[in-house]
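**Student:** A predicted structure for the sequence below; I have some questions about it.
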Amino acid sequence: SAASDVYKRQIIDSHQHLILPTELQIEQMNKAGVEKAILFTTTPHPEKAKTLTEFKNEMSILFKILGGENSLENNKKRFKKDISDLMKVINNYPDKFYGFGTVPLGLSLEETQIWIKQYIIDNGLKGIGEFTPGNDEQVSQLETIFKALKQYENFPIWVHTFNPVTLNGIKILENLTREYSKTPVIFGHMGGYNWMEVTDFVKNTPNAYIDLSAAFSTLALKMIITEVPEKCLFSSDAPYGDSFLNKQAIEYLSPSKKISDKILGENIIKLLGLK
């Protein structure tokens with residue numbers, strides 16, 4: 001029917017960060033022909049920068065976070081504020097955004113379970129992330145998150161797998177993904193330079209998915225789309241990437257419209273059980 005056709009063709013950017021003002025973010029989505037986006041929290045706002053110096057200032061905040069320099073107390077405070085900012089936008093524009101929420105690493109299992117219930121589940125968020133582990137030890141700390149998620153069937157976790165995450169860090173994440181097979185794991189940014197390793201893993205692991213943002217090579221993107229079309233998720237990582245260009249790249253490199261429809265919306269709708 002025409003209705004199911006519309007349903008099938010819905011285009012969802014499955015990974016954007018909160019951009020200010022929200023009207024600008026929606027305008028960019030509309031230009032790109034993206035109906036909805038899954039919003040992730042953010043602390044830096046590189047979209048505000050007009051010059052390289054201003055951009056460096058915003059990015060220095062990000063690099064501190066990526067380097068795991070912040071204390072647990074600081075992280076908890078920051079995450080609470082970030083989730084509150086995220087919820088304001090989602091509540092103001094429920095027809096435009098879904099959300100994923102952050103959980104601090106380093107809490108006990110019980111504290112992690114309480115946090116997930118209070119800040120993620122009770123807020124109606126669709127998943128957990130983005131986790132940006134600064135080193136292999138922090139990748140191992142994700143096990144507490146996986147354990148806490150055991151009580152939620154099919155509740156996905158999104159992990160940054162580009163630099164500074166190493167091949168060894170990716171292997172640790174792969175082991176966790178295998179062990180906690182009821183939790184879908186989205187390998188963010190295609191595994192970066194380790195995209196071949198990640199593609200093989202995703203191909204052979206039912207609960208592993210691959211996020212297509214931050215592709216540094218169209219050849220890598222093309223291979224992944226061809227190898228695991230059912231497991232690929234279109235995303236831009238805006239403001240670091242651009243919905244319009246990422247969507248075009250997928251449409252251009254995809255072997256068929258049927259496959260690009262899957263990647264641009266159907267896969268994420270199915271994964272998150274969206275209406």
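**Tutor:** It's in.

**Student:** and stretch 25-44, average pLDDT?
**Tutor:** On average, the pLDDT along stretch 25-44 is 95.

**Student:** so how far is the first residue of that stretch from its last?
**Tutor:** 15 Å (CA to CA, to the nearest Å).

**Student:** pull out the buried positions in the helix or strand hosting residue 147.
**Tutor:** Using DSSP states H and E, residue 147 maps to helix 136-148. Residues 136, 138-142, 144-148 are the ones in helix 136-148 that count as buried (16 or more other CB atoms under 10 Å). For glycine as for every other residue, the C-beta is placed from the backbone atoms N, C-alpha and C.

**Student:** which of these sits closest to residue 54?
**Tutor:** Residue 54 lies nearest to residue 138 out of the buried residues of helix 136-148, by CB to CB, at 28.9 Å.

**Student:** I would like the residues contacting the longest helix seen in the chain, please.
**Tutor:** Longest helix in the chain, counting residues (DSSP state H): helix 72-92. Contacts to helix 72-92, defined as CB atoms under 8 Å, 6 or more residues apart in numbering, come from residues 18, 22, 39-43, 70, 97-99, 101-107, 119, 123.

**Student:** residues touching residue 162, list them.
**Tutor:** 188-193, 214.

**Student:** drop anything exposed from these.
**Tutor:** 188-192, 214.

**Student:** let me know the closest of those residues to residue 59.
**Tutor:** residue 214 (14.5 Å).

**Student:** report the contact partners of that closest one.
**Tutor:** 162, 188-190, 192, 237, 240-241.

**Student:** same list (those residues) but as a markdown table, adding pLDDT and distance to residue 265.
**Tutor:** Output for the contacts of residue 214, formatted as a markdown table (pLDDT from 0 to 100; distance: CB to CB, whole Å):
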| residue | pLDDT | distance to residue 265 |
| --- | --- | --- |
| 162 | 93 | 24 |
| 188 | 98 | 19 |
| 189 | 97 | 20 |
| 190 | 96 | 19 |
| 192 | 95 | 25 |
| 237 | 96 | 17 |
| 240 | 93 | 21 |
| 241 | 95 | 17 |
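
**Student:** in JSON lines, list those along with secondary structure.
**Tutor:** Formatted as JSON lines, those follow (DSSP: H, G, I helix; E, B strand; the rest coil):
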{"residue": "162", "secondary structure": "coil"}
{"residue": "188", "secondary structure": "strand"}
{"residue": "189", "secondary structure": "helix"}
{"residue": "190", "secondary structure": "helix"}
{"residue": "192", "secondary structure": "helix"}
{"residue": "237", "secondary structure": "coil"}
{"residue": "240", "secondary structure": "coil"}
{"residue": "241", "secondary structure": "coil"}
